[in-house]
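Novice: the sequence and its predicted three-dimensional model are supplied below.
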Amino acid sequence: MKIAKAILNYAWEVVKESIAQIFTLLGFFIAWLTMTGTAQQITGIFTVIALVIWLATIPLRKED
């Protein structure tokens, strides 16, 4: 039960962080849409990598 609660708490934190950064994510998406070829692929890959790292480090940025 504790694991399920921890997962739900983390999911809620992800939602809150995503809402707080919606315009940044929108900018990354627009940049990706406006590019073509290799630049678009590289931008997309690094955007996804940055997003994963950003979401994985939520506990490090959380103030107690």
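Specialist: All right, it came through fine.
Novice: going forward, measure contacts between C-alpha atoms and count neighbours the same way
Specialist: OK.
Novice: what's the weakest-modelled helix or strand in the chain?
Specialist: Least confident helix or strand of the chain, by mean pLDDT, DSSP states H and E, is helix 58-61 with a mean of 84.
Novice: ok now it, how far from the chain's centre?
Specialist: Its chain's C-alpha centre and that of helix 58-61 lie 13 Å apart, by Cα atoms, centre = their mean, to the nearest Å.
Novice: residues contacting the helix or strand hosting Lys5, please?
Specialist: Lys5 is located in helix 2-20, with elements delineated by DSSP states H and E. For helix 2-20, the external contacting residues (Cα atoms under 8 Å, 6 or more residues apart in numbering) are 55, 58.
Novice: for the strand or helix carrying Leu51, buried residues please.
Specialist: Assigned by DSSP H and E, Leu51 belongs to helix 37-56. Within helix 37-56, the residues scored as buried using 16 or more other Cα atoms under 10 Å are 43-44, 47, 55.
Novice: and for stretch 55-64?
Specialist: For stretch 55-64, burial by neighbour count (16+ other Cα under 10 Å) applies to Leu55.
Novice: flag the shaky bits of this protein, pLDDT-wise.
Specialist: 64 (pLDDT under 70).
Novice: show me the residue at the heart of it, geometrically.
Specialist: Leu51 (3.2 Å; Cα atoms, centre = their mean).
Novice: pull the number of nearby residues for Ala6.
Specialist: If you count neighbours by other Cα atoms under 10 Å, Ala6 ends up with 11.
Novice: still on that earlier bit, list of residues touching the helix holding Leu51?
Specialist: Helix 37-56 is contacted by residues 14, 17, 28, 31-34 when judged by Cα under 8 Å, 6+ apart.
Novice: what's the distance between the residue of the chain most remote from its centre and Leu8?
Specialist: The C-alpha centroid of the chain is most remote from Met1, which lies 26.6 Å away (Cα atoms, centre = their mean). With distances taken as Cα to Cα, to the nearest Å, Met1 is found 11 Å from Leu8.
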